[in-house]
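S.K.: sharing a sequence plus its predicted fold:
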Amino acid sequence: MESRAEEQLNWAPGPDVASSMDEYAMRFRGGIGRWQLGVQNRLLLDLLKPWQGGRVLDVGGGHGQYTDDLIEAGFDLTVHGSVPETAHRIQRQIEAGSCRFIVGDMLNLPCADQEFDCVVSVRQLSHVEDPEKFLGGLCRVARHAVVVDYPPKSGFNVMAKLLFPLKSLLEKKSTRPYTVFWEPELAAMISGQGFEVTGHEAQFSLPMVVHRVVRWVGLIQMLEAICRRTGLTRRIGGPVLLRAERRTHDE
């Protein structure tokens, strides 16, 4: 019989390895980073509110960006990682018994069908090798809803490939290549799993790299507030938090 360590060789580590590193967390340091995560986490909790207190699986959630928020909101939380090392940033919560941690292939989740009320995955979809298979796995283990984030093919992301070298330079090479999506193509992938999009929350109008370069929290907050009030964020903003719910006749 294979040992656990030998079993782990049967799949490749996922993009959560990079996002769970301390170096990655440095992208959200200081006032501007805390504000960015605050916006993200408030929107995430709003999308999950109908199932507050339910069982949630956070796929690739070793970055720990909203682990405490989900726990404090009363969710029964399990965090998934593609390798054991991705748990180090949430070790405090694991040791306290506030959440569980499981290891497995991101494209073949080690969970039963509809085992969780909701499945969340942030910072992963735009980096996985097979987005459709990844989304299919999230939908399979979710009884009610799935929430993912993605960079939309709108606004500055229209020129994502062209501008990536500049973005990498400005972020001191701490960023990674990523895939951008049209929402209809994601909706089609999700629909094939018996789900339909029921929530869409764009986080910012300005690229997050601009936030990090400027680092003037008050100014960025004012500009983003204007964009949100005028509807610009809704039309071209990103990253987008997308919620999809299982169609009732598929339950």
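M.R.: It's in. Numbers count the residues shown, from 1 in each chain.

S.K.: now do the helices in the stretch 101-250 of the chain.
M.R.: 131-141, 160-170, 183-191, 208-214, 217-229, 232-236 (DSSP state H, counting those that start in this stretch).

S.K.: how many neighbours does the residue lying closest to Arg243 once chain neighbours are set aside have?
M.R.: Distances taken as C-beta to C-beta, 6 or more residues apart in numbering put Gly199 closest to Arg243, at 3.3 Å, once the chain neighbours are dropped. C-beta here means a position set from N, CA and C on the backbone, and glycine is covered the same way. Neighbour count for Gly199, taken as other C-beta atoms under 10 Å: 17.

S.K.: residues contacting Gly199?
M.R.: 47, 147, 241-243 (C-beta atoms under 8 Å, 6 or more residues apart in numbering).

S.K.: centroid residue for the chain?
M.R.: For the chain, Val122 is the residue whose C-alpha lies nearest the centre (C-alpha atoms, centre = their mean; 0.6 Å).

S.K.: who are the contact partners of that one?
M.R.: Per C-beta under 8 Å, 6+ apart, neighbours of Val122: 40, 44, 58, 60-61, 63, 65-66, 147-149, 241.

S.K.: sorry, back to before: ok, of the contacts of Gly199, which come out buried?
M.R.: Neighbour-count burial (16 or more other C-beta atoms under 10 Å) is assigned, among the contacts of Gly199, to 47, 147, 241-243.

S.K.: mind checking which of those land in strands?
M.R.: 147, 241-243 (DSSP state E).

S.K.: can you redo these as CSV with pLDDT?
M.R.: Formatted as CSV, those follow (pLDDT from 0 to 100):
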residue, pLDDT
Val147, 98
Leu241, 98
Leu242, 98
Arg243, 98
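
S.K.: what's the distance between Gln40 and Gln193?
M.R.: Separation of Gln40 from Gln193 (C-beta to C-beta, to the nearest Å) stands at 25 Å.

S.K.: if you could redo that for Gly62, that was the one I meant.
M.R.: Taking C-beta to C-beta, one finds Gly62 at 25 Å from Gln193.
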